[in-house]
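S.K.: quick one, fold the following:
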Amino acid sequence: MELVECKELCKEFDKKEILKNINLIIPRGKIIGLLGKNGMGKTTLIKLMNDLLTPTSGEVLINGKKPGIESKKVISYLPERTYLDKTMTIKQAFHYFEEFYDNFNIERATKLLKDLDLELDKKISQMSKGMQEKLQLILVMSREAELYILDEPLRGS
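M.R.: All right, here's what the predicted structure looks like:
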């Protein structure tokens, strides 16, 4: 069974076709990049995979099933916009992820944090936008997921 499969996937917004008849297979163990101009549907496809949008027609399958509660357990998603609560410390953000995700590896997160010379007690609001983005990447990559979906991970670089 493929990790991700899109079959005749279409998405429209206000009668404008964003995605038309997308057929895509993403096997396990591969790194895939979506390239294209702004407005070509990359983020729309990512949101469909994450069950944040509903297809106009066709389907997305994650591990052979439609996106939903089960797929959220195997997908670690980095959206294009920061979602962190800036009143938290890094330690609190780690605890939040540890409580929310069964597959969050706190040891991996702590090691990655040390590699960036950040302290657990640092408030997110005191970090630069770039460091906040790196923290968000650490959180996402510290989940032991089957599928990592990163939307514009290098935008701040």
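
S.K.: mind listing the helices for this structure?
M.R.: 42-49, 69-74, 90-100, 106-115, 129-141 (DSSP state H).

S.K.: nearest to Asp151, of those helices?
M.R.: Each of those has some distance to Asp151 by CB to CB; the shortest is helix 42-49, at 5.1 Å. C-beta: built from backbone N, CA, C; applies to glycine.

S.K.: what's that closest one packed up against?
M.R.: Here helix 42-49 touches strand 4-13, strand 16-26, strand 57-62, going by 3 or more CB pairs under 8 Å, 6 or more residues apart in numbering; DSSP states H and E.

S.K.: try 6 Å
M.R.: Using 3 or more CB pairs under 6 Å, 6 or more residues apart in numbering; DSSP states H and E, no helix or strand is in contact with helix 42-49.

S.K.: tally of neighbours for Thr43?
M.R.: Neighbourhood size, Thr43 [other CB atoms under 10 Å]: 18.

S.K.: hang on, Ile138 packs against Lys111?
M.R.: No. Taking CB atoms under 6 Å as the definition, Ile138 is not a contact partner of Lys111, at 9.4 Å.

S.K.: so which of the two has more stuff around it?
M.R.: Taking other CB under 10 Å, Ile138 and Lys111 do not tie; Ile138 has more neighbours (22 against 12).

S.K.: sounds good, over and out.
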